[in-house]
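Enquirer: sequence and computational prediction follow.
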Amino acid sequence: MELNSPYIQRFELPEAMLGEFYGQEVPEPFVPSFTENRFTAGESPSLITADLSGTLTWLQQLELPKPFEREGGAIPFLLFSPHFSTGHLLFHYDGTSNSTELIKNFIRLFGNSIQDSKATIISPSFIPKSKIREEQEVIELVASSTKETSFIKFNFVNIGDFCSYGIDHNCTLLVTTKNYQADLAEVLFQFSRRKVWDVGMSFYLSP
C-alpha cells in the first residue's frame, strides 16, 4: 500500500511495513493489518501501525538496533503481533500528566474494543501526593472502560521489565510512552538475533 501522508517519513521502518488509521475510534473488531489509507490534505492519522513480525525481520538485518522513528511524533504507534488482541491490556502509568493523557487517548481510540478486556495498571511505588488524585482518576477511567481491572505498584525502570511481566501474565497489549521506543527496539533486536520471539503481545506507544 502506498501512503500519501508525510508522517511515515519520520520512521526508520520501511514504508511498505507501515499503515495508517484515520478516525476518532477504531472499529470493532479492529484488524490493524487491514487499516485503510484515507488520507486527505491537512488531515493527520490517529494511529500509525507496523507488523511486529516484519519489524523483527527488519531488525535482524541491522548491525545495531534503531528506534522506529527518526524523530518523535505526536501520533500514536501500534506495533501489532500476528494475533493482535486487546484481551489483556497492560497500562504503564508513570505518575505524570503525560501518562494520564496517553491512557485517556488510548481509551478514546480503542473504547469499542476493550469493553470485555482485562486490564492491569502498573504504577511506581511512590508518586508525589499531588498526583495521587490523578492516579485514582486513571484507575477509575480504566475500570469503567474494561470488564476487569487490577492495579499494582512496581518500580520498573526499563521496557524489559514490562515485557517480562506482560509475557509472564499473558498480556496481549502494552500501552506505554514513546520514551521507551529506543529501549524496546533494543529488546526486540536481541530477540530477533536469537530468533526466539514467539509472543502474542503487541505494543502501543504514544507521547
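Expert: Looks like it arrived, so ask away.
Enquirer: may I see the buried residues of the helix or strand of the chain with the lowest mean pLDDT?
Expert: Using mean pLDDT, DSSP states H and E, helix 181-194 stands out as the lowest-scoring helix or strand of the chain, at a mean of 86. Residues of helix 181-194 classed as buried: 181, 183-189, 191-192 (neighbour count, 16 or more other C-beta atoms under 10 Å). The way it works is simple: take the backbone N, C-alpha and C, and place the C-beta from them, glycine included.
Enquirer: what's the answer for stretch 144-151, then?
Expert: Within stretch 144-151, the residues scored as buried using 16+ other C-beta under 10 Å are 145-146, 149, 151.
Enquirer: before we move on, what about stretch 154-168?
Expert: Neighbour-count burial for stretch 154-168 flags 156, 159, 162-163, 165-166 (criterion: 16+ other C-beta under 10 Å).
Enquirer: quick one: the spatially most distant residue from the centre of the chain from residue 137, how far?
Expert: Relative to the mean C-alpha coordinate of the chain, counting by C-alpha atoms, centre = their mean, the farthest residue is residue 129 (27.8 Å). With distances taken as C-beta to C-beta, to the nearest Å, residue 129 is found 15 Å from residue 137.
Enquirer: for the helix or strand encompassing residue 164, which helices and strands make contact with it?
Expert: Per DSSP states H and E, residue 164 falls inside helix 159-168. Applying 3 or more C-beta pairs under 8 Å, 6 or more residues apart in numbering; DSSP states H and E, one finds that helix 159-168 contacts strand 88-92, strand 173-177, helix 181-194.
Enquirer: mind listing the strands the second one pairs with, and their directions?
Expert: Spelled out, it's strand 173-177. Strand pairing for strand 173-177, determined by DSSP bridges: strand 88-92 (parallel), strand 202-206 (parallel).
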